[in-house]
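>>> Return a 3D structure for these sequence lines:
(one chain, ligands or ions: 2)
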Amino acid sequence: MTLPREPQRRVVVVKFGGNAMVDAPLQEMFARDVVELWHAGLHPVVVHGGGPQISAMLDRLGLEVRFEAGLRVTTEETLDVVRMVLTGRVQRELVGAINAHGPFAVGLSGEDAHTMTAVRRPGLVNGLPVDIGLVGDVVDVAPDTVRSLLELGRIPVVSPLARGTEGQVYNVNADLAASALAVALGAERLVMLTDVEGLYADWPCSTEVIARLTAAELEGLLPGLASGMLPKMEGCLRAVRAGVARAQVLDGRVPHAVLRAVLDEKSPGTTVVPDA
Ligand SMILES: Nc1ncnc2c1ncn2[C@@H]1O[C@H](COP(=O)(O)OP(=O)(O)O)[C@@H](O)[C@H]1O
Ligand SMILES: CC(=O)N[C@@H](CCC(=O)OP(=O)(O)O)C(=O)O
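Ligands and ions are numbered 1, 2, ... in the order given. Sure thing, here's the model as predicted:
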């Protein structure tokens, strides 16, 4: 199968969370949906997570699993496992699932060809900085490699790792990596698939979803958010503040969630839009 060269399509960055991918049939459906987006005339770019898969491997190896403010405390030893699990396993599985439908997917790590450059990011606990090790905050994205793949009609599948400027490698939260890539690619939309229906207004007390938020409204809520939702909503905020027209958090457990959101504009999750 020869893929057509397609430089003009609109770019949609889809973040597929580790929690949404623990179910094999859902992962296969996700892969089909991504290819469907491509057939519908879009340029999907996938950024994958893998937090639960990394934690399971750390457990098996008897290494510590610890998060601060939604980010994994990453030692040199942890980073080895993060890299192995993300680029060696999770990315490979996703690439394989997409390529069951044709020669679309090409996997790369944010480390490749300087695609993502990061600096060390301190964790913030109760407003105070804490050392969380080799966790990076993306400060520069070189999108040319991903763009070239898109122009060749491929579907890039990107692992959330980044290079530092002094030879080190950083573990980057996948939501923040997806956000940075969406901005650099000039994506029209960032979609994050996770294992809840969206942003709950009063989690864990209630499951009432906030359907729509402006950037300013989200900024006000951010300090009160916890665990995995914190980097996710920070990623949405950064994206819409930097030109992405909308950022959505959707329930990846719902079949065809991404297709319904992007093609049918039916998105029961949370949508973040720029300030008026
Ligand atoms: N306000 C909130 N609304 C919804 N989920 C929340 C909220 N605060 C924390 N969470 C937690 O965040 C989790 C999603 O983040 P995370 O586990 O990192 O998922 P993913 O692997 O998809 O990135 C939810 O399963 C939930 O436990
Ligand atoms: C720094 C940091 O926390 N990195 C994440 C990278 C994977 C990720 O973000 O996966 P999910 O999207 O499934 O949570 C981690 O080590 O778990």
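
>>> From now on I want contacts and neighbour counts done on CA atoms only, so please keep to that.
Noted.

>>> Tell me where the chain has helices.
Assigned by DSSP state H, the helices in the chain fall at 24-39, 51-60, 76-85, 91-99, 144-151, 174-185, 215-221, 229-241, 257-263.

>>> Find the residue closest to Val82 in space, skipping its chain neighbours.
Counting by Cα to Cα, 6 or more residues apart in numbering, Ile54 is the residue found nearest to Val82 once chain neighbours are left out, at 5.9 Å.

>>> Tell me, how many residues neighbour Met29?
Other residues lying near Met29 total 16 when counted by other Cα atoms under 10 Å.

>>> So for it, what's the pLDDT?
In the predicted model, Met29 carries a pLDDT score of 94.

>>> Which residues are in contact with it?
When contacts are counted by Cα atoms under 8 Å, 6 or more residues apart in numbering, Met29 touches Pro255, His256.

>>> again, but for the one 5 residues further on
With contacts defined as Cα under 8 Å, 6+ apart, the neighbours of Val34 are Pro44, Ile98, Leu259.

>>> Pick the one among these closest to ligand 2.
Taking Cα to the nearest ligand atom as the measure, ligand 2 lies nearest Pro44 of these, at 17.6 Å.

>>> Tell me, what's the model's pLDDT at that closest one?
The predicted local distance difference test score for Pro44 is 98.

>>> quick one on the thing from earlier: measure the residue nearest to Val82 to Arg260 for me?
From Ile54 across to Arg260, the span is 30 Å (Cα to Cα, to the nearest Å).

>>> Neighbour count for the two, which is higher?
The residue with more neighbours, out of Ile54 and Arg260 and counting by other Cα under 10 Å, is Ile54; that gives 23 against 14.

>>> Could you check how far that one is from ligand 2?
Per Cα to the nearest ligand atom, to the nearest Å, Ile54 is found 6 Å from ligand 2.

>>> Number of residues surrounding Arg60?
Here the number of neighbours of Arg60 (other Cα under 10 Å) works out to 9.

>>> Give me the pLDDT value at it.
Predicted confidence (pLDDT) at Arg60: the value is 98.

>>> if I look at it, how far off is Gln53?
Between Arg60 and Gln53 the distance, using Cα to Cα, works out to 11 Å.

>>> what does Thr75 give?
Using Cα to Cα, Thr75 is found at 17 Å from Gln53.

>>> which one of those two has more residues nearby?
Using other Cα under 10 Å, the more surrounded residue of Thr75 and Gln53 is Gln53, with 19 against 15.

>>> mind listing what that one touches?
With contacts taken as Cα under 8 Å, 6+ apart, Gln53 has the following neighbours: Gly18, Val85, Val90.

>>> And the closest residue to Val139 other than its chain neighbours, how far from ligand 2?
Leaving aside its chain neighbours, Val139 sits nearest to Ala118 (5.2 Å; criterion: Cα to Cα, 6+ apart). Distance of Ala118 to ligand 2, computed by Cα to the nearest ligand atom: 12 Å.

>>> So which residues on the stretch 101-250 of the chain come close to ligand 2?
Residues of the stretch 101-250 of the chain lying close to ligand 2 (Cα under 6 Å from any ligand atom) are Val135, Asn171, Val172, Asn173, Ala174, Asp175.

>>> Apply 8 Å and report the result again.
For the stretch 101-250 of the chain, the residues in contact with ligand 2 (Cα under 8 Å from any ligand atom) are Val135, Gly136, Pro160, Leu161, Asn171, Val172, Asn173, Ala174, Asp175, Thr194, Gly228.

>>> Ignoring the adjacent residues along the chain, who's closest to Ile132?
Excluding its sequence neighbours, the residue lying closest to Ile132 (Cα to Cα, 6+ apart) is Val73, at 4.4 Å.

>>> which regions of the chain lie under the pLDDT threshold?
Within the chain, the stretches with pLDDT under 70 are 1-8.

>>> residues from it in reach of ligand 1?
Residues of the chain lying near ligand 1 by Cα under 8 Å from any ligand atom: 16-20, 49-52, 70, 174-175, 192-204, 207, 209, 225-232.

>>> Narrow the residues you listed to those in strands?
Restricting the residues of the chain next to ligand 1 to those inside strands, with DSSP state E as the criterion, leaves Phe16, Met192, Leu193, Thr194.

>>> Look at the last one and say how many residues are nearby.
For Thr194, the neighbour count with other Cα under 10 Å is 24.

>>> Arg253 is in contact with Ala20, isn't it?
Yes - Arg253 sits in contact with Ala20 when judged by Cα atoms under 8 Å, with a separation of 6.1 Å.
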